[in-house]
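# What follows is a predicted structure for the sequence shown.
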Amino acid sequence: MAELKQSITFKRGLTLKNRIVMAPMTTSMSFFDGVITSDECAYYALRSGEVGAVITGAANVQANGKTWEGQLGVYHDRHITGLSKLAGSIKQNGTRAILQIFHGGRMTNSKILRGVQPVSASAVAAERSAAEIPRELLPDEILALIDDFKQATIRALKAGFDGVEIHGANTYLIQQFFSPHSNRRTDEWGGSREKRFKLINDLVDAVTSAVDQSGKKDFIVGYRFSPEEFETPGISLDDTLYLIDQLADKPLDYLHISINDYQRISVSEVYQEKPMINYIYQAINGRVPFIGVGDIRSKQQADEVLTTADLVALGRALLIEPHWVDKVFDKKTELIRTEINKYDREELLLGNGVWSFMEGLMPERLIE
Ligand SMILES: Cc1cc2nc3c(=O)[nH]c(=O)nc-3n(C[C@H](O)[C@H](O)[C@H](O)COP(=O)(O)O)c2cc1C
């Protein structure tokens, strides 16, 4: 079993100084056109320097992927200058900078897109209130989408990032292609599980080939996935174990689960003997490093996750305690902040966007 303080070197040669990464968290602090603000750079700088790597919040690879106001963009060369400031803000004291690349697909709406209809694998609305029916992508548009993930990777390389993470989780466009709920296509991009995997397969190849072609040796590519969907039909843990099996043999540097509780048990009756991350770690079987996540608050929990993952990601814990890592490593765990109130917002550089996400996602840690 690895230890939190232990370094790790990925296949492409990049080393992280320890096993703790900051989980990707959208801040909604960018300008309307996806250009980073100095407030956002300061927010990241405050949480860098101690963790092995910071994975940024989701950055759009296409303008019509935008899912929140104030979301980061990587869909145009004009974003590169700001992105290089962001990479510089993160890369302090050996912390590595990883840009999460993303498209929201049907999870956005025509108000955010200023009158443009959202797109997806098929014209099926998400099962949530006020969800709009998306437009089914044409085959040529799918090829353009894959190319835009590649272009985003090239921009991340130019901006000085140490890697990209492909956001294949949380019900967004890449997951929409793998899901039998959102993908009802009958062409080569849909149908069987294998065909629903085709977009992911081709997209991973495009992104990794961009890195190989760049000649940069220590730039990593990770992939994030969600283990299950609750819709019927929807992605089952069985589908995810298939996905993992395919991805573990691709030229990826890590796989990263997206889950709110690392102890979560599957809804599938055949996988209820242990938490989902245990089944996934077992399926990966050492082929590629695996990042575990989900409500990790204490060193003891982080150590427990390292028995079934190679690295741990911390999200909400770092929002309220930017110095979680040093306090753990210095054995000052009694100083770790576990709750905050509105007066702490300024010190913690939490803008309105991230604060309103926090109100929805972690109300128990926000006190009066
Ligand atoms: C404010 C906020 C924004 C988030 N934005 C993203 C995102 O952009 N991309 C992503 O993959 N996950 C996102 N997540 C999920 C986190 O990466 C993480 O998986 C989740 O918060 C569970 O980890 P935690 O309990 O340590 O916070 C977000 C979570 C929060 C709290």
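That came through, no problem. Source: prediction; values computed, not measured. Numbers count the residues shown, from 1 in each chain.
# And the residue of the chain that's closest to the ligand?
Residue nearest to the ligand within the chain: Gly315 (2.6 Å; CB to the nearest ligand atom). In this view, the C-beta of every residue, glycine as well, is placed from N, C-alpha and C.
# For Phe225, name its beta-bridge partners.
Counting by DSSP bridges, Phe225 is bridged to Gly168, Ile257.
# measure it to Asn64 for me?
Phe225 sits 23 Å away from Asn64, taking CB to CB, to the nearest Å as the criterion.
# same question, Asp140
On the measure of CB to CB, Asp140 and Asn64 end up 15 Å apart.
# Up against the ligand, what does the stretch 1-150 of the chain have?
Ala23, Pro24, Met25, Thr26, Gly57, Ala58, Gln100 (CB under 6 Å from any ligand atom).
# about what we covered before: distance of the residue of the chain closest to the ligand relative to Glu132?
28 Å.
# More neighbours: these two, which one.
Taking other CB atoms under 10 Å, Gly315 and Glu132 do not tie; Gly315 has more neighbours (20 against 16).
# what residues are up against Ser214?
Listed by CB atoms under 8 Å, 6 or more residues apart in numbering, the contact partners of Ser214 are Ile154, Leu157.
# give me phi/psi at it?
Note on Ser214: its backbone torsions stand at phi -70, psi -20 [degrees, to the nearest 10].
# and the next element down the chain from the lowest-mean-pLDDT helix or strand in the chain?
Across the helices and strands of the chain, mean confidence by mean pLDDT, DSSP states H and E is lowest for helix 352-361: a mean of 89. Going down the chain from helix 352-361, the next helix or strand is strand 366-367, by DSSP states H and E.
# Neighbouring strands - and their directions - for that next one?
Strand 366-367 has the following sheet partners, assigned by DSSP bridges: strand 340-341 (parallel).
# Give me the average confidence score over the strand it pairs with.
Averaged across strand 340-341, the pLDDT comes to 93.
# close to the ligand, is it?
No. Using CB under 6 Å from any ligand atom, strand 340-341 stays clear of the ligand, with a minimum separation of 13.3 Å.
# got the contact list for that strand?
By CB under 8 Å, 6+ apart, strand 340-341 touches Ile320, Leu348, Arg365, Leu366, Ile367, Glu368.
# can you pick the most crowded of those?
Neighbour counts for the contacts of strand 340-341 (other CB under 10 Å) peak at Ile320, which has 20 neighbours.
# returning to what we had before: farthest pair within the contacts of strand 340-341?
Taking CB to CB, the two most distant members of these are Leu348 and Glu368; they sit 16.7 Å apart.
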